[in-house]
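predicted model follows, preceded by the sequence.
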Amino acid sequence: MKNVTDSFLSLGHWPFAGSFGFNTDILATNPINLSVVIGVLIFFGKGVLSDLLDNRKQRILNTIRNSEELRGRAIEQLERARARLRKVETEADQFRVNGYSEIEREKLNLINSTYKTLEQLENYKNETLQFEQQRAINQVRQRVFQQALQGALGTLNSCLNNELHLRTISANIGMLGAMKEITD
């Protein structure tokens, strides 16, 4: 053991190769073992480690590219959704404004229609009243005329004798004949 450590200290002195065995001195064997393992790993594992790191680097770069593409698509979809939202909001505002104006228009139409209907009903009422008044007046005239005619006939019948009665009838027939000739 002492010889191994001495060999590191003095490069000019090589110990005799005695027998092969295990060196149990931890402080002496660890740096040697580590340097051998590291050397072997560097020599044989440099290509594998380099390939593993390159593959890992490519996967990370691909993941970043894919993430950027997904981010770009998501931004495009977000912009389209925002544009669609603005369009829908504009249409909703337009429908709301049109709806309010349509409601106002329908309200005015309903008021005008109701006013016209009331006006027509008022006209019908007035026409009905005038008709009923005219009918009542005609009935009163007819009764007055009948009563006057009956009174005149009663007076004529009581005042007229046969001769006067025949002359009156002849005069009336003559007047009716003259009126017929005029109308023809």
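Received the coordinates, thanks. Numbers count the residues shown, from 1 in each chain.

now do stretch 73-80, average pLDDT.
Averaging pLDDT along stretch 73-80 yields 93.

can you report how many residues lie near Gly151?
10 (other C-beta atoms under 10 Å). All C-beta spots, glycine's among them, are computed from the backbone N, C-alpha and C.

how close does it sit to Gln120?
Look at Gly151 and Gln120: by C-beta to C-beta, to the nearest Å, they are 46 Å apart.

repeat that for Arg96.
For Arg96, the distance to Gln120 - C-beta to C-beta - is 36 Å.

next one: Ala83
For Ala83, the distance to Gln120 - C-beta to C-beta - is 53 Å.

go on, Arg56?
For Arg56, the distance to Gln120 - C-beta to C-beta - is 92 Å.

and if you look at Ile32?
122 Å.

now swap in Val48 and tell me
Val48 is 103 Å from Gln120, by C-beta to C-beta.

and the helices in this protein?
Along the chain, the segments classed as helices by DSSP state H run 2-9, 26-159, 162-183.

pLDDT weak spots in the protein?
For the chain, the stretches flagged by pLDDT under 70 are 1-29, 156, 160.

pull the residues that contact stretch 138-158.
For stretch 138-158, the external contacting residues (C-beta atoms under 8 Å, 6 or more residues apart in numbering) are 165, 168.

CA atoms only: put it into CSV for me.
This file holds the C-alpha atoms of stretch 138-158, laid out as CSV (Å, rounded to 0.1, in the frame of the first residue of the first chain):
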residue,chain,number,x,y,z
ASN,A,138,-140.3,58.6,-39.8
GLN,A,139,-142.4,56.6,-37.5
VAL,A,140,-143.6,59.8,-35.7
ARG,A,141,-144.3,61.4,-39.1
GLN,A,142,-146.2,58.3,-40.3
ARG,A,143,-148.3,58.3,-37.1
VAL,A,144,-148.9,62.0,-37.3
PHE,A,145,-149.8,61.6,-41.0
GLN,A,146,-152.1,58.7,-40.2
GLN,A,147,-153.8,60.5,-37.4
ALA,A,148,-154.1,63.7,-39.6
LEU,A,149,-155.5,61.6,-42.4
GLN,A,150,-157.9,59.8,-40.1
GLY,A,151,-158.9,63.2,-38.6
ALA,A,152,-159.4,64.7,-42.1
LEU,A,153,-161.3,61.7,-43.3
GLY,A,154,-163.5,61.9,-40.2
THR,A,155,-164.1,65.6,-40.7
LEU,A,156,-164.8,65.1,-44.4
ASN,A,157,-167.1,62.2,-43.7
SER,A,158,-169.0,64.2,-41.2
